[in-house]
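Q: I would like to see how this sequence folds:
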Amino acid sequence: MSSHFCLSVTLHDATFHGCRDDGVPEWPPSPLRAFQSLVAAAAARWRDPQFGIYAVPALEWLEGLGPPEILAPVGRTASLPYRLYVPNNAGDLVVKAWASGSADASIAAHRTEKDVRPTRLVGGDAFTGGNMVRFVWRLPVDPSVDVVEYAARLSAAARSLTHLGWGIDMAAGHAGLMSEQELLTLLDDPRLERWTPGTGGTPLRAPQPKTAQGPSTFHSLVDRHESFTRRMTGGKPQDVPSLTAFAVVGYRRATDTAGRPFAAFQLLTPDAERKWSRDARWTIEVAGMVRHATKLAAIAVDKPQSWIDTFVLGHGSGKNQQAVGEDGARRFSYVPLPTMRPQGVVGQVNRVLIVEPPGGTGADAAWARRMLSGQELIEEKKHTPVALLSLAPTSDWVVRQYTGDQEGAPSWSTVTPVVLPGYDDPDHLRRRLKDVTTSEAKRRLHERLDARIDGLLRKAIRQAGFPATLAACAELSWRLVGFRPGLDLATRYDWPDHLKGKPRYHVLIHWKNAAGDLVNVHGPVVLGAGRYCGLGLFAVTDERPATIGQ
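A: This is a model prediction of the structure:
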């Protein structure tokens, strides 16, 4: 059964030149571009009154379906533009100069500089579908609408589509109904990226139906076209109004991550006169004190006991009363931050983050900022206050090393080691290495060990809420020695009793998509079985993959 309507646009060349209003190259092409191209194709295919009878109802139905999903090839925008000199519309001045007898008049003197940064499609090939962009609308359940008839009319219009974006972005169109299974089959194509509408991400224009605030996109396009045809009324050119009836929708790919909401605090001495610090190898001690302070703050404002037990303390029905599975993921993470000096040297802990789980709205982090500023940290053994939480700005330089600024970052390395979510040698391969004498046999055993650790690290990435695509495509390196100056061996960091015996490593991650391109990831990045108590904490690094520049 058909559950989607799909408009497919195949670019004749493996490049796209469209830009947003601010001049930033646009990829993927916006749904508004696709809708405008379809309206122009329908107008070229049918003239009045056929256009009003056949095309208008179908186009109005389409713009009312909301923003579509977009399936597009990977696009790489040129890092440097090239310059064109295009004729300015001044031919009348040149002709007038010729008529007056001027021999120096030339159209070449009336050209405008235009910098172009095209987006090139990775693996683009019009003959194999590598240049095809698909706009997919989910169909609502509405028996009053003849979906099959509207889809047939739009399919006929799509066959007259000629361009998408600039005039040089020539294209061919095709449209029709699509089943859920056909969509899932497309999503298995490694050449395609799936862009879903929501909040944040890449802003793209989309058509909108008529609202109480203004007309629909379709009727605004019709009015704008009529204004263009009448622009010379009275012998003087009239201004053509810009198109303003559209929605701006944020689109995200599977590899686009949103930073998790957090509350940042500095650690001061109880008299608030100077910073208080702890050895970075004992982050679980600081995390435990912050968790206890959060519990007391929640009790003071009568938060539900169930929320305190699960979201604040992470209690559950698992071993040692630890929450596991989905329940274990819905909780605060307490993340002490070792100081990061500009030279990259890691120092002692004197800041801390309280981080919401993936998909958090920010409300719980805002609550933590309000309630915990000024709270004391109580040392468990002595039952005395040792530090004071003081709200820190998100612009704090050290905090930004762990969050990646607004743009995120493609490369991250551990500041505290990752505790693997499982044992890295269940088959006792290291013991067998002692008895192996040939280099080939040792190599095979080492490969099996590496594959086991690699799989556990990718499992940790998925468990931390990152998309499966990022987990599968990330470039990983690991070792016991840290990737930063000032770090100790991974085995010398303290860890909770319930994690005793589990392997731990310092890790370097270069985040990549399916095409092998580096992608930016927003922090905080905290991975592994100890991610709720400050272990497995990553910070941005300048180190790049060895393949870059080769």
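Q: Quick one: name whatever helix or strand follows the helix or strand residue 334 falls within.
A: Element membership for residue 334, per DSSP states H and E: strand 333-340. Next helix or strand after strand 333-340 toward the C-terminus (DSSP H and E): strand 346-355.
Q: Packing partners of that next one?
A: Under the contact criterion of 3 or more Cβ pairs under 8 Å, 6 or more residues apart in numbering; DSSP states H and E, strand 346-355 touches strand 262-268, helix 283-300, strand 333-340, helix 363-372, helix 397-403. Every C-beta, even on glycine, is put in place using the N, C-alpha and C of the backbone.
Q: coming back round to it: between helix 283-300 and the strand holding residue 334, find me the angle.
A: With axes from the mean of the first three to the mean of the last three Cα atoms, to 10 degrees defining the directions, strand 333-340 sits at 130 degrees from helix 283-300.
Q: picking that back up, let's have the helices and strands packed on strand 346-355 in a markdown table, adding distance to residue 197.
A: Shown next, in a markdown table, are these (distance: least, Cβ to Cβ, whole Å):
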| stretch | distance to residue 197 |
| --- | --- |
| strand 262-268 | 26 |
| helix 283-300 | 35 |
| strand 333-340 | 29 |
| helix 363-372 | 23 |
| helix 397-403 | 25 |
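Q: before we move on, back to that, mind checking how far the strand holding residue 334 is from the chain centre?
A: How far strand 333-340 lies from its chain's middle: 24 Å, per Cα atoms, centre = their mean, to the nearest Å.
Q: For it, which outside residues touch it?
A: 262, 277-278, 280, 283, 286-288, 290-291, 294, 346-355, 357, 398-399, 401-402, 415-416, 524, 526, 531-534, 537, 539 (Cβ atoms under 8 Å, 6 or more residues apart in numbering).
Q: which of those residues are buried?
A: Taking 16 or more other Cβ atoms under 10 Å as the criterion, what is buried in the contacts of strand 333-340 is 262, 277-278, 280, 283, 286-288, 290-291, 294, 346, 348-355, 357, 398-399, 401-402, 415-416, 524, 526, 531-534, 537, 539.
Q: Could you check how far residue 380 is from residue 371?
A: As judged by Cβ to Cβ, to the nearest Å, residue 380 and residue 371 stand 21 Å apart.
Q: When the two are compared, which one has more neighbours?
A: A direct count of neighbours by other Cβ atoms under 10 Å for residue 380 and residue 371 places residue 371 higher, at 19 against 9.
Q: who touches the particular helix or strand that has residue 178 in it?
A: Here residue 178, judged by DSSP H and E, is contained in strand 171-179. Residues outside strand 171-179 that contact it (Cβ under 8 Å, 6+ apart): 1-12, 37-38, 41, 136, 139, 147-148, 151, 154-155, 157-164.
Q: Give me the contacts around the very next helix or strand once past it.
A: Using DSSP H and E, the helix or strand that directly follows strand 171-179 along the chain is helix 180-187. The contact list for helix 180-187, computed with Cβ under 8 Å, 6+ apart, reads 3-4, 71, 134, 136, 192, 194.
Q: With secondary structure added, can I get these in CSV?
A: Below are the contacts of helix 180-187 laid out as CSV (DSSP: H, G, I helix; E, B strand; the rest coil):
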residue, secondary structure
3, strand
4, strand
71, strand
134, strand
136, strand
192, strand
194, strand
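Q: between those, which is closest to residue 438?
A: Using Cβ to Cβ, residue 192 comes nearest to residue 438 of those, at 44.8 Å.
Q: All the strands of the stretch 51-200 of the chain, residue numbers only.
A: 69-73, 75-77, 82-87, 111-116, 119-121, 132-138, 171-179, 192-198 (DSSP state E, counting those that start in this stretch).
Q: List just the one of those that sits closest to residue 228.
A: That would be strand 82-87 among these, by Cβ to Cβ, at 19.9 Å.
Q: In terms of secondary structure, what does the closest one contact?
A: For strand 82-87, the elements it packs on are strand 111-116, judged by 3+ Cβ pairs under 8 Å, 6+ apart.
Q: Output the strand it packs on as CSV, nothing but the C-alphas.
A: What follows is strand 111-116, C-alpha atoms only, in CSV (Å, rounded to 0.1, in the frame of the first residue of the first chain):
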residue,chain,number,x,y,z
ARG,A,111,29.8,42.9,-16.5
THR,A,112,29.3,42.0,-12.9
GLU,A,113,31.7,39.8,-10.8
LYS,A,114,30.1,36.7,-9.4
ASP,A,115,31.8,34.2,-7.1
VAL,A,116,30.6,30.6,-7.4
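Q: where does that strand sit relative to the chain's centre, distance-wise?
A: Distance, centroid of strand 111-116 to centroid of chain: 32 Å (Cα atoms, centre = their mean).
Q: That one vs strand 82-87, what angle?
A: Going by the same axes, to 10 degrees, strand 111-116 makes 150 degrees with strand 82-87.
Q: Show me which residues of strand 111-116 are buried.
A: For strand 111-116, a neighbour-count test (16+ other Cβ under 10 Å) marks residue 116 as buried.
Q: what lines up beside that strand in the sheet?
A: Here strand 111-116 is paired, per DSSP bridges, with strand 82-87 (antiparallel).
Q: CA atoms of the strand it pairs with as CSV?
A: Only the C-alpha atoms of strand 82-87 are listed here, as CSV (Å, rounded to 0.1, in the frame of the first residue of the first chain):
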residue,chain,number,x,y,z
TYR,A,82,35.8,30.6,-8.7
ARG,A,83,34.8,33.9,-10.3
LEU,A,84,32.6,34.6,-13.3
TYR,A,85,32.0,37.8,-15.1
VAL,A,86,28.3,37.9,-16.2
PRO,A,87,26.7,40.5,-18.4
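Q: Can you name the residues in contact with that strand?
A: Outside strand 82-87, the residues that touch it by Cβ under 8 Å, 6+ apart are 107, 110-116.
Q: From the residues you listed, pick the one nearest residue 17.
A: Of all the contacts of strand 82-87, residue 116 has the smallest distance to residue 17: 6.4 Å, by Cβ to Cβ.
Q: Surely the closest one touches residue 19?
A: No - using Cβ atoms under 8 Å, residue 116 makes no contact with residue 19, being 9.1 Å away.
Q: neighbours around residue 194, how many?
A: Close neighbours of residue 194, defined as other Cβ under 10 Å, add up to 20.
Q: Give me the pLDDT for it.
A: On pLDDT, residue 194 comes in at 90.
Q: residue nearest the centroid of this protein?
A: Centroid-nearest residue in the chain, with Cα atoms, centre = their mean: residue 256, separated by 1.6 Å.
Q: Which segments of the chain make up each domain?
A: Listed by automatic domain parsing, the domain ranges of the chain are 2-76+120-252, 82-116, 262-540.
Q: Start and end of the first one, how far apart?
A: When you say that, I think you mean domain 2-76+120-252. End-to-end distance for domain 2-76+120-252, by Cα to Cα, to the nearest Å: 25 Å.
Q: starting at the chain centroid, how far to it?
A: That offset, for domain 2-76+120-252, works out to 23 Å (Cα atoms, centre = their mean).
Q: Also the last one?
A: Averaging C-alpha positions (Cα atoms, centre = their mean) puts domain 262-540 21 Å from its chain's average.
Q: average pLDDT across that domain?
A: The predicted model gives domain 262-540 an average pLDDT of 89.
Q: next one: the second one
A: The pLDDT scores in domain 82-116 average 73.
Q: How far off centre is that domain?
A: Per Cα atoms, centre = their mean, the centroid offset for domain 82-116 relative to its chain is 45 Å.
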